[in-house]
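A.B. asks: give the three-dimensional model of this entry:
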Amino acid sequence: MTLEDQVFVMAFVRCEGTIKEMEKTFGVSYPTIKNRLGRIGKQLEFVETIVSSPVTKYWLRWSAVILLPRKQLRGYQNEMAAIFNEAQDS
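C.D. replies: Numbers count the residues shown, from 1 in each chain. Model (predicted):
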C-alpha cells in the first residue's frame, strides 16, 4: 500500500469511518471517497491465521462482522458478546 493510501486509511479510522468527515478532511466528494476506499480494499487480502487466543478469536470475528451491512449486524450482537466474555475470562 502506498504512503498516500496509508494516510488515507489512518484518516478514515480517525474519522471513525464517517465519509462526511472524510469529505471535509480531503475536500473531495462522496463518490471520490468511496472509489478510493474500494480501490484500497481490493489491495487488501484476507490471510489464514491460527487462532489460539480467545482475544484473537474475538477481534478476528469482530473485524469480519463489521464489514456486514448494518441490518445484518443486529444478529451478531449476542455472539460477539459471548466471544468477548470468553476472551475476558481467559
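A.B. asks: where does the protein dip in pLDDT?
C.D. replies: When the per-residue scores of the chain are filtered using pLDDT under 70, the ranges that remain are 46-81, 83-90.
A.B. asks: quick one, helices of it?
C.D. replies: Listed from the start of the chain, the chain has helices (DSSP state H) covering 3-14, 19-26, 30-43, 54-65, 70-73, 77-89.
A.B. asks: next, the buried residues of the third one.
C.D. replies: Neighbour counts over helix 30-43 (16 or more other C-beta atoms under 10 Å) mark 33, 36-37, 40 as buried. (C-beta placed from N, C-alpha, C; glycine too.)
A.B. asks: could you do the first one as well?
C.D. replies: Neighbour-count burial for helix 3-14, with 16+ other C-beta under 10 Å as criterion, is recorded at 8-9, 12.
A.B. asks: about what we covered before: and the buried residues of helix 30-43 as TSV, adding distance to residue 16?
C.D. replies: Listed next are these as TSV, based on distance: C-beta to C-beta, whole Å:
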residue	distance to residue 16
33	14
36	17
37	14
40	17
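A.B. asks: could you chop the chain up by domain?
C.D. replies: Using automatic domain parsing, the domains assigned to the chain come out as 3-43, 54-89.
A.B. asks: just checking, residue 29 touches residue 23?
C.D. replies: Yes: contact criterion C-beta atoms under 8 Å: residue 29 and residue 23 qualify, at 6.6 Å.
A.B. asks: who has more neighbours, the two?
C.D. replies: Relative neighbour count places residue 23 above the other of residue 29 and residue 23, with 15 against 11, counting by other C-beta atoms under 10 Å.
A.B. asks: ok, the more buried one to residue 45 distance?
C.D. replies: Taking C-beta to C-beta, to the nearest Å as the measure, residue 23 and residue 45 are separated by 28 Å.
A.B. asks: then residue 3?
C.D. replies: Residue 3 sits 19 Å away from residue 45, taking C-beta to C-beta as the criterion.
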